[in-house]
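Q: based on what follows, work out the 3D shape:
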Amino acid sequence: MSHRLPASRYLLLFCVMLGAAVGDALLGRGMHDIGPVSIHHLSSLFYALGNPWVLSGIVVLIGFMASYMTALSWADLTFVLPATAFGNVVTALIGKLWLRESISPLRWLGICLIVVGVGFVANGPSRTEHAVDLDESVA
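A: Model prediction:
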């Protein structure tokens with residue numbers, strides 16, 4: 001049985017992966033500008049919404065959520081999440097190259113382990129096949 005996905009579904013998974021990484025990076029950039037905020041002072045969180053980086057991050061993350069929901073409509077969560085886990089590498093690269101964050105060797109090792117783990121899941125089917133119970137299908 002072939003588990004090959006159409007190109008449009010690979011593109012959607014790519015959008016999920018990239019949307020999460022870019023949206024989070026934009027939020028991180030904006031919140032770095034804002035500085036520390038507290039959940040106990042909601043006004044500081046509302047103030048953050050005026051930051052263009054934060055606002056851009058929210059818009060990108062809305063697109064991510066739409067793509068993610070679409071992917072979950074045709075594939076299992078246990079397929080979609082690992083299939084888009086390469087986004088952890090993209091997030092780390094954005095953090096290192098654009099946000100100038102320091103990433104320890106131990107953190108890089110963890111990211112590599114995630115990517116290797118994705119390889120174990122990537123070749124499986126996108127949707128779990130369930131046997132149909134004839135008694136239930138008649139009802």
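
Q: so after whichever strand or helix holds Ile58, what's the next helix or strand?
A: In this assignment (DSSP states H and E), Ile58 forms part of helix 52-74. Per DSSP H and E, the first helix or strand lying C-terminal to helix 52-74 is helix 77-83.

Q: report all helices and strands that the longest helix along the chain contacts.
A: In the chain, with assignment by DSSP state H, the single longest helix is helix 7-34. If you count contacts as 3 or more Cβ pairs under 8 Å, 6 or more residues apart in numbering; DSSP states H and E, helix 7-34 packs onto helix 42-48, helix 52-74, helix 77-83, helix 87-97. (C-beta placed from N, C-alpha, C; glycine too.)

Q: list the buried ones in it?
A: Buried residues in helix 7-34, counting neighbours by 16 or more other Cβ atoms under 10 Å, are found at 9, 12-13, 15-31, 34.

Q: where does the protein dip in pLDDT?
A: 1-3, 121-126, 128-139 (pLDDT under 70).

Q: center of it, which residue is that?
A: Ala20 (4.1 Å; Cα atoms, centre = their mean).

Q: list the contacts of that one.
A: 61, 64, 68, 84, 87, 91 (Cβ atoms under 8 Å, 6 or more residues apart in numbering).

Q: kindly export stretch 101-121 (C-alpha atoms) in PDB.
A: The C-alpha trace of stretch 101-121 is given here as PDB (Å, rounded to 0.1, in the frame of the first residue of the first chain):
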ATOM      1  CA  GLU A 101      20.200  34.000  20.100                       C
ATOM      2  CA  SER A 102      22.800  31.700  21.600                       C
ATOM      3  CA  ILE A 103      22.000  28.000  21.100                       C
ATOM      4  CA  SER A 104      24.000  25.500  23.200                       C
ATOM      5  CA  PRO A 105      25.400  22.300  21.700                       C
ATOM      6  CA  LEU A 106      23.000  20.400  24.000                       C
ATOM      7  CA  ARG A 107      20.100  22.200  22.500                       C
ATOM      8  CA  TRP A 108      21.300  21.500  19.000                       C
ATOM      9  CA  LEU A 109      21.600  17.800  20.000                       C
ATOM     10  CA  GLY A 110      18.000  17.800  21.200                       C
ATOM     11  CA  ILE A 111      16.900  19.400  17.900                       C
ATOM     12  CA  CYS A 112      18.800  16.700  16.000                       C
ATOM     13  CA  LEU A 113      17.100  14.000  18.000                       C
ATOM     14  CA  ILE A 114      13.700  15.400  17.100                       C
ATOM     15  CA  VAL A 115      14.600  15.400  13.400                       C
ATOM     16  CA  VAL A 116      15.800  11.700  13.700                       C
ATOM     17  CA  GLY A 117      12.500  10.800  15.500                       C
ATOM     18  CA  VAL A 118      10.600  12.400  12.600                       C
ATOM     19  CA  GLY A 119      12.200   9.900  10.300                       C
ATOM     20  CA  PHE A 120      10.600   7.000  12.200                       C
ATOM     21  CA  VAL A 121       7.100   8.500  11.700                       C
END
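
Q: fine, thanks again, bye for now.
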